[in-house]
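> Let's see this in three dimensions:
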Amino acid sequence: MTSTDEITGERRQLINVAYRLLGSLTEAEDAVQDAYARWYGLPRSRREEIRSRGAWLTTVTSRICLDLLGSARARRERYVGAWLPEPLPDRTEAGQAGSSDLADQIIQDESVAMAFLVVLESMTPAERVALVLHDVFRYPFAEIADVLDRTPAACKQLAASARRRVSVPRAPDTAVGQADVVRQVKRAWETRDIAALVGLLDPAAVMTADGGGMVDTVQRPIEGGERIARYMIAIADLAPEFELVQRSVNGVPGVVAQRAGAVMTVASFDVADGRVTRIWVVRNPEKLRPWAS
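As a prediction, this is how the structure comes out:
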């Protein structure tokens, strides 16, 4: 008999795996629900033969995610503009709009940072599954082999190939340092101080925005610190009613734009050597549901 606490912990683990594999809370929930439906669809005698329900569900959830990743490439080719993962709020922050129960189940660490999730998008589905299951969740390659239907040696090679797609590690700015840079960006953005913004942005910085064709935003990345700064000032002038609030986005400092208390835009940043190198802006309202009150 499985206790309520065990089921709760088991579901949380599955949601964490699925979100990292898919970059979407909605799709993660659907994948986990599908896995449970398959479990309860098994004859009772078959369920009793399975030694670890959690391991079985993880394997099935990962296979479902693998299939979804395969079809996602075609869907994203039809997506209007750039596709970005769904940003996660931290509801423990005072004054933040309430987030969904589903978002609360995601453990926020470096493996859900937008920078890492975006890199995962460049991998093949098999590489992504191998890397996430092994490097993030510490599953042995023998178990990953069951998910990918390959040998453990082949899975090890997939993970190694995936790691090569990740940038060479650099000494990250401290959390306090990142928060300070983001705070300065917010202040310069609010005061329309373009010189300060240019100074805070790396000359080679890149901004990518995701509106999903549902709201206005740039459909191609903006490259260059000065071009990004001018764009940010122009946007601020067009929407003076927006209030900028510093919030945690996927576990790192970010900024949200609110109108009448409703979150309309979520921006996350990658900071290196005291300057912003990447900005990811999510405006697609379907991806902002976890931020709704």
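> Okay, now the unreliable bits of the protein?
Counting by pLDDT under 70, the chain has low-confidence residues at 1-4, 91, 94-100, 167-173, 293.
> Could you look up the SS state of residue 139?
Classification of residue 139 by DSSP: H, G, I helix; E, B strand; the rest coil places it in coil.
> Next one: it from residue 147, what distance?
With distances taken as CB to CB, to the nearest Å, residue 139 is found 9 Å from residue 147. Any C-beta I mention is one placed from the backbone N, CA and C, and that applies to glycine too.
> Kindly point out which residues are neighbours of both of those two.
Listed contacts common to residue 139 and residue 147 are residue 133; contacts here mean CB atoms under 8 Å, 6 or more residues apart in numbering.
> Tell me if residue 257 really is in a strand.
Yes. Counting by three-state DSSP, residue 257 falls inside a strand.
> what secondary structure does the closest residue to it other than its chain neighbours sit in?
Leaving aside its chain neighbours, residue 257 sits nearest to residue 265 (4.0 Å; criterion: CB to CB, 6 or more residues apart in numbering). Following three-state DSSP, we place residue 265 in the strand state.
> Tally up the residues packed near residue 265, please.
A count of neighbours around residue 265, defined by other CB atoms under 10 Å, yields 24.
> and it, what does it touch?
By CB under 8 Å, 6+ apart, the contact set of residue 265 is 242, 256-257, 281-283.
> one more time with 7 Å, if that's ok
Residue 265 is in contact with 256-257, 281, 283, counting by CB atoms under 7 Å, 6 or more residues apart in numbering.
> and which of these is nearest to residue 197?
Among these, residue 281 lies closest to residue 197 (CB to CB), at 14.6 Å.
> picking that back up, next one: the residue nearest to residue 257 from residue 258, what distance?
The gap separating residue 265 from residue 258 is 9 Å, by CB to CB.
> now residue 56
As judged by CB to CB, residue 56 and residue 258 stand 43 Å apart.
> With residue 248 instead?
Taken as CB to CB, the span from residue 248 to residue 258 is 15 Å.
> and the two? which has more neighbours close in?
residue 248 (21 against 17).
> Give me the neighbour count for the spatially closest residue to that one that is not a sequence neighbour.
Excluding its sequence neighbours, the residue lying closest to residue 248 (CB to CB, 6+ apart) is residue 90, at 4.0 Å. Look at residue 90: counted by other CB under 10 Å, it has 18 neighbours.
> do the same with residue 289
Residue 289 has 16 neighbouring residues, counting by other CB under 10 Å.
> Is residue 214 in a helix, a strand, or coil?
With three-state DSSP as the basis, residue 214 sits in coil.
> Next, work out how far apart it and residue 284 are.
Between residue 214 and residue 284 the computed distance is 6 Å (CB to CB).
> try residue 33
Distance, residue 33 to residue 284, using CB to CB: 22 Å.
> more crowded one of these two?
The neighbour count for residue 33 versus residue 284, taken as other CB under 10 Å, is higher for residue 284 (23 against 14).
> wait, what's in contact with that one?
By CB under 7 Å, 6+ apart, the contact set of residue 284 is 210-212, 214.
> what's around the closest residue to it other than its chain neighbours, how many residues?
Distances taken as CB to CB, 6+ apart put residue 212 closest to residue 284, at 3.4 Å, once the chain neighbours are dropped. If you count neighbours by other CB under 10 Å, residue 212 ends up with 18.
> can you check residue 260 too?
When neighbours are defined as other CB under 10 Å, residue 260 has 8 of them.
> Repeat that for residue 116.
Neighbour tally, residue 116, other CB under 10 Å: 18.
> mind checking how far it is from residue 231?
In this view, residue 116 and residue 231 are 25 Å apart by CB to CB.
> neighbours of the residue lying closest to residue 288 once chain neighbours are set aside, just the number please.
Among residues not flanking residue 288 along the chain, residue 263 sits closest, at 5.7 Å (CB to CB, 6+ apart). Residues near residue 263, counting by other CB under 10 Å, number 23.
> Report the beta-bridge partner residues of residue 263.
Counting by DSSP bridges, residue 263 is bridged to residue 258.
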